[in-house]
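> The following comprises the amino acid sequence and a computationally predicted model.
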Amino acid sequence: MRAAAALDMLAMLTTVLPGTTPPYPFPQDCSNVNVTTGAPGWFSNCTDAAGGCFKISVPKETKYNIGNTTFGASKAGGTQWCIDHLQGFVYSKVIDPAGAMYYEVDDRSGTGTAPQCRFLTGFDGRDEKQKAVYRARAYNPAGLECILTDEGGQYGIHAYSLAVNKTTPPLFVPSVAPDQCPTGTSCACQQSTGTLCGPYNYRCC
């Protein structure tokens, strides 16, 4: 009897009550086994947030791994965010007027070529009238292509769906210093969107 009572008590302590926020041990991983659990508790009052909220439907973790990353030398900030790897959703809330979050999608097939693509949610510069632009946008395809489709939105929530296509990975070109090109060749800077062109990011041509 005592053992049964102890098990009943343990079940009561570990059950998440309806309407309560699940106890995520890692705030940026809001994965839910139960599809009805929905978005994290902070994903609300989006009309009051500086840049609103973003809900991205993404491929589940059986095919691709999704995590946070950078945009060139720029680090993310000014947002609350988390990824539900099991149900396939990325949530972010833009708190700061210039807040943005950057994500990287990695192939899990184990091909050895490390294909990836990246996308952002949040502040993405200003338009011709100097009005802040908030959106989701893909950048830096490298063996994978991130395709974002705007699904509309309401109540300050911007909804998108993400599809991922495999493409040909970029060829590796050894970099050289500008003064190391052979006579008769020139030095060209190799720069990709969102990356910096450093002093040794060159090739001879």
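Nice, thanks for sending it over. Numbers count the residues shown, from 1 in each chain.
> Count the neighbours of Gln80 for me.
18 (other CB atoms under 10 Å). In this view, the C-beta of every residue, glycine as well, is placed from N, C-alpha and C.
> so which helix or strand takes in it?
Using DSSP states H and E, the element containing Gln80 is strand 79-84.
> Check which helices and strands that strand is in contact with.
The helices and strands touching strand 79-84, judged by 3 or more CB pairs under 8 Å, 6 or more residues apart in numbering; DSSP states H and E, are strand 64-68, strand 89-94, strand 100-107, strand 116-126.
> ranges for the strands of the chain?
Applying DSSP state E to the chain gives strands spanning 53-57, 64-68, 79-84, 89-94, 100-107, 116-126, 132-142, 144-154, 157-166, 187-189, 202-204.
> what ranges of this structure fall below the confidence cut-off?
Within the chain, the set of residues satisfying pLDDT under 70 comprises 1-27, 33, 72-75, 110-113, 168-205.
> Show me it divided up by domain.
Under the assignment automatic domain parsing, the domains of the chain span 27-166, 171-205.
> right, so those: which one is the most enclosed?
Comparing those by mean neighbour count (mean count of other CB atoms under 10 Å), domain 27-166 comes out on top with a mean of 17.
> before we move on, back to that, need the helices and strands packed on strand 79-84 in TSV with distance to Gly52, can you?
TSV is the format used below for the helices and strands packed on strand 79-84 (distance: least, CB to CB, whole Å):
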stretch	distance to Gly52
strand 64-68	19
strand 89-94	6
strand 100-107	12
strand 116-126	9
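> Ala50 is nearest to which of those strands?
strand 89-94 (5.4 Å; CB to CB).
> quick one, what contacts the closest residue to Ala98 other than its chain neighbours?
Spatial nearest neighbour of Ala98, excluding adjacent residues (CB to CB, 6 or more residues apart in numbering): Phe123 at 4.9 Å. By CB atoms under 8 Å, 6 or more residues apart in numbering, the contact set of Phe123 is Gly51, Gly78, Val94, Pro97, Ala98, Gly99, Ala100, Ala132, Val133, Tyr134.
> returning to that earlier point: so which of the helices and strands packed on strand 79-84 is nearest Pro40?
Using CB to CB, the nearest of the helices and strands packed on strand 79-84 to Pro40 is strand 89-94, at 6.2 Å.
> re the thing from before, would JSON lines of the strands of the chain with distance to Asn34 be doable?
JSON lines is the format used below for the strands of the chain (distance: least, CB to CB, whole Å):
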{"stretch": "strand 53-57", "distance to Asn34": "17"}
{"stretch": "strand 64-68", "distance to Asn34": "20"}
{"stretch": "strand 79-84", "distance to Asn34": "11"}
{"stretch": "strand 89-94", "distance to Asn34": "13"}
{"stretch": "strand 100-107", "distance to Asn34": "24"}
{"stretch": "strand 116-126", "distance to Asn34": "25"}
{"stretch": "strand 132-142", "distance to Asn34": "26"}
{"stretch": "strand 144-154", "distance to Asn34": "23"}
{"stretch": "strand 157-166", "distance to Asn34": "21"}
{"stretch": "strand 187-189", "distance to Asn34": "50"}
{"stretch": "strand 202-204", "distance to Asn34": "51"}
